[in-house]
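Trainee: Output the structure for:
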Amino acid sequence: MQPTCERNSASGSATLLCMHKFTTEAAQSIRRAIETGELHRAIELHCRFFPPARVTHIHDTDENDLREFLHTPLPIFSFCTDEELRELRLRLDTAICLGARPESALMPDAGFSWDHPMSLKAAAQNFFNAIGAHRNISGWLKSGLVETARILNSSDGPCSACLQAAHEYELHQLPNLPLHNCENLNTIGCRCVICPSRIKGLTQQWK
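Mentor: This is a model prediction of the structure:
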């Protein structure tokens, strides 16, 4: 499957039209594979459209990533309908496979409307924040090695709620990320992260 190019007679450049058709074809093919549960097919298309020689920074995507994006509980989006949340998941899954900026996949169009206080940029930030936190905590609980974890704030203007939450927790006491009371939740999204702070067998605690 190769992109087709049409030359723009006014500018003499085929680049923009070529990339538009290429991206549209890629997006449609990958989305169909994800919708039908053929996640291996989506990854195959991801690698075909973006071979390592062209794009190297997105080749850490695998089927487990796509599955997590589709099925991880997302209580922060409880205001969405089931249909809206499913579309959000599908679009962001497709964006990851395309190596596109996540918020670009959420631009409203004929098949997607968004009428909520949370901006689309914040929705993308909160989506990946929630999935990353869920993945980390699940892995730490499964390994049994991490005893406590710490919430860390962003370095550029965390809100008062995030500052208050930034301390050490037992794993079962960690608040959900993104923080539901983050003052930036609807504008740029909560940017707090979690990291291990005490690991079994290590005498030095991480700060």
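Trainee: what are the ranges of the strands in this structure?
Mentor: 146-152, 168-170, 193-199 (DSSP state E).
Trainee: residues touching residue 43, list them.
Mentor: Each residue near residue 43 by CB atoms under 8 Å, 6 or more residues apart in numbering is listed here: 61, 62, 63, 66, 97. For glycine as for every other residue, the C-beta is placed from the backbone atoms N, C-alpha and C.
Trainee: now residue 122
Mentor: Residues near residue 122 by CB under 8 Å, 6+ apart: 184, 185, 186, 187, 188, 189.
Trainee: Give me the neighbour count for the fourth one.
Mentor: With neighbours defined by other CB atoms under 10 Å, the count for residue 187 comes to 13.
Trainee: Then the first one?
Mentor: Neighbouring residues of residue 184 were enumerated by other CB under 10 Å; the total is 21.
Trainee: Nearest to the spatial middle of the chain, which residue is it?
Mentor: Residue closest to the average C-alpha location in the chain (CA atoms, centre = their mean): residue 128, at 3.4 Å.
Trainee: Could you chop the chain up by domain?
Mentor: 15-116, 123-199 (automatic domain parsing).
Trainee: just so I have it, where are all the helices in this structure?
Mentor: Secondary structure of the chain by DSSP state H: the helices cover 15-35, 39-49, 63-71, 82-98, 120-143, 160-165.
Trainee: nearest to residue 177, of those?
Mentor: Closest of the helices of the chain to residue 177 is helix 120-143, at 3.9 Å (criterion: CB to CB).
Trainee: what's the angle from the closest one to strand 193-199?
Mentor: For helix 120-143 against strand 193-199, the angle by axes from the mean of the first three to the mean of the last three CA atoms, to 10 degrees is 20 degrees.
Trainee: Low-confidence stretches in this structure?
Mentor: Along the chain, the model assigns pLDDT under 70 to residues 1-23, 50-60, 100, 102-104, 108-110, 203-207.
Trainee: can you do 90?
Mentor: The chain contains residues with pLDDT under 90 at 1-31, 42-66, 69, 91-114, 120-121, 155-157, 200-207.
Trainee: circling back to that earlier point, show the buried residues in the contacts of residue 43.
Mentor: 61, 66, 97 (16 or more other CB atoms under 10 Å).
Trainee: okay, these in JSON lines with distance to residue 117 next?
Mentor: Below are the buried ones among the contacts of residue 43 laid out as JSON lines (distance: CB to CB, whole Å):
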{"residue": "61", "distance to residue 117": "30"}
{"residue": "66", "distance to residue 117": "28"}
{"residue": "97", "distance to residue 117": "29"}
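Trainee: any idea how far residue 173 is from residue 165?
Mentor: 11 Å (CB to CB, to the nearest Å).
Trainee: again with residue 179
Mentor: Counting by CB to CB, the separation of residue 179 from residue 165 is 6 Å.
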